[in-house]
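Enquirer: could you look at this predicted model? Sequence included:
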Amino acid sequence: MTDAKAEYERWRHRVEQAPRDPLAHFNFAWWASRLGQFSRAIKAYEQAIALGISQPEEAMTNIASIYSERLARSTDAQAWLLQALQCNGDYFPAVFNRAHLAEQLGDREGAEAGFTRACQLQPNNPLPLTRLVEAARVVRSSDSSVIQLRQLAETSDDPDVFYALAKVEERLGNTDAAWLALETANRYDGKRAPAWPHELIKKSYDTLKQHQIERSSGSKGPVFIVGMFRTGSTLLEQILAAHTAFTPLGESEFWPRTIAASGGAMVVPGQVPVAEQLEVSRSQFREHLIERGVDLSRRVTDKRPDNLYHLPLIAKAIPDARFIITERDWRDTLISVYGTRLHPQHGYATSPLSIKTQLEQCSSLATHWQAMAPDRVRRFAYEDLVAKPESTMRALFEWLGESWEPECLEFHRLTNPVLTASVWQVREPLSTTRQGRWRQYDAPLQSIFGDELYLSSDALAGTQ
């Protein structure tokens, strides 16, 4: 972050010294975006374009990326991508990002067409191929994309190739091949990070538990959806998004950025700031909502699972915030995390044993905070949702102080952008088809965990 600030200042001074230099504006925009100054970055990119920068499609695509990935303003992103492609119809980043945006919006046809075009432009690039295969509603062994993916896996060391292959093989019923692909993906992915420091992480969480969470100062504040990844948090946010009271933020970067500034990281708690700093964070969060075009009369949901590890800080900064901790059968969660490429800071995610240990830590934090502040913290089980959707959601809305709206169970019809690995799953109605998924991998999991594999989540939590 220090280097980013230094580069930001360097190019800010350059812009002041040479205001007609389009490259200076472009580079200033790049570093402003890295620091989360998104509106400033967009203006600088626009200035670079106005000053006649060569290959303006790059700046246009970067603007589109800010709108889609950082500000959840997909209409603006689409407009800028269209301009970029009008400048250069073969510009790969614009073609790929347009397909990616279609994916986020649940447009399968647009995503498949876009990723197919991206594959044509860069046939040796595995990224559009893996996304094309995942976007397909139906996959067959005879599909050219599946054949190409399998061939690519014979010589590739790219984790994304094997994560995608694992999903394909599982969909085709080839679970032995799927498990082999999962092991290969995580072996390559695990090289990015050192061994997971279980004891240090546990000590940091024990220290975190010493912070108090005060009673709520109101009943209509933001709702933070937190917990382990792959426990149904995206699904829950989509259900809330179908309610007239809520606006979804998705995985907002605001609080992770704030945590980093306080000395923390994604899975490592930062320092809980003093009152003056908390007031600054509260004001900046409001500015963040305004920048994203949020109607401040509505409640927002911020679905960032790893905010679980920063709950006291957020609770102090936003006194009327509520927190929902999503949970799921530990074995299904484990398989889903093992099959998802998470950020390197989540170093536990490439080892089944480490995932299980992290799940136990999450359960311990959830138990502690719900007992401390039941008016602000609530645990939410994925299995209850899919088994009894209406009664489960009615109870949750009552706790949130909102009335029940039947349209919430039509969440799969929404067209808002979804930027998580569950992008296609939440475009389908609720079902129990994902429950018990771990049983497909009973043999390899049993070889790792022994009889402990057959303990329920509650029983496993009791063994800590």
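Expert: Yep, it's here.

Enquirer: any weak-confidence spans in this structure?
Expert: 1-2, 459-464 (pLDDT under 70).

Enquirer: quickly list the domain ranges of it.
Expert: 2-157, 198-461 (automatic domain parsing).

Enquirer: turn these into a markdown table, including mean neighbour count.
Expert: For every residue, glycine as well, the C-beta is placed using N, CA and C. Formatted as a markdown table, these follow (neighbours: other Cβ atoms under 10 Å):
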| stretch | mean neighbour count |
| --- | --- |
| domain 2-157 | 18 |
| domain 198-461 | 18 |
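
Enquirer: among the ones you listed, which comes closest to residue 188?
Expert: Of all the domains of the chain, domain 2-157 sits nearest to residue 188, with 5.4 Å by Cβ to Cβ.

Enquirer: list phi and psi for residue 303.
Expert: phi -100, psi 90 (degrees, to the nearest 10).

Enquirer: ok, it touching residue 251?
Expert: Yes. In terms of Cβ atoms under 8 Å, residue 303 counts as a neighbour of residue 251; the distance is 6.0 Å.

Enquirer: any residues in contact with both of the two?
Expert: Common contacts of residue 303 and residue 251 (Cβ atoms under 8 Å, 6 or more residues apart in numbering): residue 420.

Enquirer: sorry, back to before: make CSV from the domains of the chain and add distance to residue 172 to it.
Expert: Converted to CSV, the domains of the chain look like this (distance: least, Cβ to Cβ, whole Å):
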stretch, distance to residue 172
domain 2-157, 6
domain 198-461, 12
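
Enquirer: nearest to residue 181 among the ones you listed would be which one?
Expert: Using Cβ to Cβ, the nearest of the domains of the chain to residue 181 is domain 2-157, at 7.3 Å.

Enquirer: and residue 379, that's in a strand?
Expert: Yes. Under DSSP: H, G, I helix; E, B strand; the rest coil, residue 379 sits within a strand.

Enquirer: all strands of the stretch 1-150 of the chain, in order?
Expert: For the stretch 1-150 of the chain, strands defined by DSSP state E, counting those that start in this stretch do not occur.

Enquirer: sorry, back to before: residue 173 is nearest to which of the domains of the chain?
Expert: domain 198-461 (8.9 Å).

Enquirer: can you give me the offset of that closest one from its chain's centre?
Expert: 11 Å (Cα atoms, centre = their mean, to the nearest Å).

Enquirer: repeat that for stretch 69-87.
Expert: 20 Å.

Enquirer: same thing with stretch 178-189?
Expert: With Cα atoms, centre = their mean, you get 21 Å for stretch 178-189.

Enquirer: and of the domains of the chain, who's closest to residue 170?
Expert: Using Cβ to Cβ, the domains of the chain put domain 198-461 closest to residue 170, at 6.9 Å.

Enquirer: how close does residue 184 sit to residue 339?
Expert: Look at residue 184 and residue 339: by Cβ to Cβ, to the nearest Å, they are 12 Å apart.

Enquirer: next: residue 259.
Expert: For residue 259, the distance to residue 339 - Cβ to Cβ - is 27 Å.

Enquirer: got the angle between the longest helix seen in the chain and strand 377-381?
Expert: Looking across the chain with DSSP state H, the single longest helix is helix 352-372. For helix 352-372 against strand 377-381, the angle by axes from the mean of the first three to the mean of the last three Cα atoms, to 10 degrees is 130 degrees.

Enquirer: who are the packing partners of helix 352-372?
Expert: Identification of packing neighbours for helix 352-372 by 3 or more Cβ pairs under 8 Å, 6 or more residues apart in numbering; DSSP states H and E yields helix 198-208, strand 322-327, helix 330-338, strand 377-381, helix 442-449, helix 457-461.

Enquirer: would a markdown table of those with distance to residue 121 be doable?
Expert: Conversion of these to a markdown table gives the following (distance: least, Cβ to Cβ, whole Å):
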| stretch | distance to residue 121 |
| --- | --- |
| helix 198-208 | 42 |
| strand 322-327 | 38 |
| helix 330-338 | 32 |
| strand 377-381 | 43 |
| helix 442-449 | 38 |
| helix 457-461 | 46 |
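
Enquirer: looking at the ones you listed, which is nearest to residue 89?
Expert: Once the helices and strands packed on helix 352-372 are compared by Cβ to Cβ, helix 330-338 is nearest, at 37.8 Å.

Enquirer: got the contact list for that closest one?
Expert: Under Cβ under 8 Å, 6+ apart, the answer for helix 330-338 is 182, 186, 228-231, 349-350, 352, 355-356, 359, 434-438, 441, 445, 453, 457, 460.

Enquirer: where do the strands sit along the stretch 201-350 of the chain?
Expert: 223-227, 246-248, 299-303, 322-327.

Enquirer: can you list contacts of the shortest one?
Expert: Applying Cβ under 8 Å, 6+ apart, the set of residues contacting strand 246-248 from outside is 223, 237-238, 240-241, 294-295, 298-301, 303, 416.

Enquirer: residue 415 reaches residue 105, doesn't it?
Expert: Yes. The criterion here is Cβ under 8 Å, and residue 415 meets it with residue 105 at 5.7 Å.

Enquirer: residue 69 versus the spatially closest residue to residue 129 that is not a sequence neighbour, what's the distance?
Expert: Distances taken as Cβ to Cβ, 6 or more residues apart in numbering place residue 119 nearest to residue 129, at 5.5 Å, with adjacent residues excluded. Distance, residue 119 to residue 69, using Cβ to Cβ: 22 Å.

Enquirer: if we can go back for a sec, please produce a markdown table containing the strands of the stretch 201-350 of the chain, extended by distance to residue 145.
Expert: Output for the strands of the stretch 201-350 of the chain, formatted as a markdown table (distance: least, Cβ to Cβ, whole Å):
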| stretch | distance to residue 145 |
| --- | --- |
| strand 223-227 | 33 |
| strand 246-248 | 31 |
| strand 299-303 | 30 |
| strand 322-327 | 32 |
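
Enquirer: out of these, which gets nearest to residue 79?
Expert: The nearest among the strands of the stretch 201-350 of the chain, by Cβ to Cβ, is strand 246-248 at 21.4 Å.

Enquirer: what bridges to the residue nearest to residue 240 when sequence neighbours are not counted?
Expert: The shortest distance from residue 240 to any non-neighbouring residue, by Cβ to Cβ, 6+ apart, is to residue 246 (4.6 Å). Bridge pairing for residue 246 (DSSP bridges) gives the partners residue 299.

Enquirer: distance of residue 246 relative to residue 225?
Expert: From residue 246 to residue 225 the distance is 11 Å (Cβ to Cβ).

Enquirer: next: residue 119.
Expert: Distance from residue 119 to residue 225, by Cβ to Cβ: 35 Å.

Enquirer: cool, residue 232 as well?
Expert: Distance from residue 232 to residue 225, by Cβ to Cβ: 9 Å.

Enquirer: overlap of the contact sets of those two?
Expert: residue 326.

Enquirer: give me the nearest residue to residue 27, chain neighbours excluded.
Expert: residue 11 (4.6 Å).

Enquirer: residues contacting the one you found?
Expert: Contacts of residue 11 (Cβ under 8 Å, 6+ apart): 24, 27, 28, 30, 31.

Enquirer: please report how far the closest residue in space to the third one that isn't next to it in sequence lies from residue 21.
Expert: By the measure of Cβ to Cβ, 6+ apart, the closest residue to residue 28 outside its immediate chain neighbours is residue 11, 3.9 Å from it. Note on residue 11: its distance to residue 21, by Cβ to Cβ, is 10 Å.
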